[in-house]
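In: dropping the sequence and predicted coords here.
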Amino acid sequence: MSNPLNAATTPELWVFCLCAEWCGTCREYQPLFEQLAKDMPQARFVWVDVEAHDDLLQDLDIENFPTLLLADGQHQARFAGTVLPHIDTLQRMCKAALAGDLPRVTDPDWQAVLPGLLALASA
């Protein structure tokens, strides 16, 4: 995992991109993800290599990239899943999450992995 891309102490939104180093789509998506991080200082963007953290993510069985997890400032998951690798899609999702327009994710596997991802991002 790379270091968090924004250093806000209390982000309003957490954006985790779960990708793989070997994935060409991920390599193309990462600079766009990093640019969006610079454009949205109220959010903390975190790049997570699924193979480096398979112990934490194994129950999710991630096979498609990019897979995203968005969580609000109260650490409630608001989106979890694969999206098309278009940065404008992520930007719209982030704006919706910040506006409170995304419902809480209720899937127990995603809920279980969020504390570990938050701990990794805070380390």
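Out: Perfect, I can see it now. Please read these numbers as outputs of a predicted model, since none were measured by experiment. Residues are numbered from 1 along each chain as shown.

In: the most centrally placed residue in the chain: what's it in contact with?
Out: With distances taken as Cα atoms, centre = their mean, F16 lies nearest the centre of the chain, 1.4 Å away. Shown in contact with F16 (Cβ atoms under 8 Å, 6 or more residues apart in numbering): 46, 48, 68-71, 117, 121. Where C-beta positions appear, they are placed from N, C-alpha and C, glycine not excepted.

In: and if we set it to 6 Å?
Out: 46, 48, 69, 117 (Cβ atoms under 6 Å, 6 or more residues apart in numbering).

In: phi and psi next, for the residue nearest to N64 when sequence neighbours are not counted.
Out: The spatial neighbour of N64 that comes closest, neighbours along the chain excluded (Cβ to Cβ, 6 or more residues apart in numbering), is T82 at 4.2 Å. Note on T82: its backbone torsions stand at phi -80, psi 140 [degrees, to the nearest 10].

In: for T82, name its beta-bridge partners.
Out: Residues in a beta bridge with T82, per DSSP bridges, are T67.

In: isn't it right next to L68, touching?
Out: No. With contact defined as Cβ atoms under 6 Å, T82 does not reach L68; the gap is 7.7 Å.

In: can you show me the helices along the protein?
Out: Listed in chain order, the helices of the chain (DSSP state H) span 24-39, 54-57, 87-98, 108-122.

In: from L98, how far out is L120?
Out: According to Cβ to Cβ, to the nearest Å, L120 stands 22 Å off from L98.

In: contacts for the lowest-mean-pLDDT helix or strand in the chain?
Out: Across the helices and strands of the chain, mean pLDDT, DSSP states H and E gives its lowest value to helix 54-57, namely a mean of 90. Contacts with helix 54-57, where a contact means Cβ under 6 Å, 6+ apart, come from 50, 116.

In: buried residues, it. List them.
Out: Using 16 or more other Cβ atoms under 10 Å as the test for burial, helix 54-57 gives 56-57.

In: before we move on, what about stretch 12-32?
Out: Judged by neighbour count using 16+ other Cβ under 10 Å, the buried positions of stretch 12-32 are 12-20, 23, 26, 29-30, 32.
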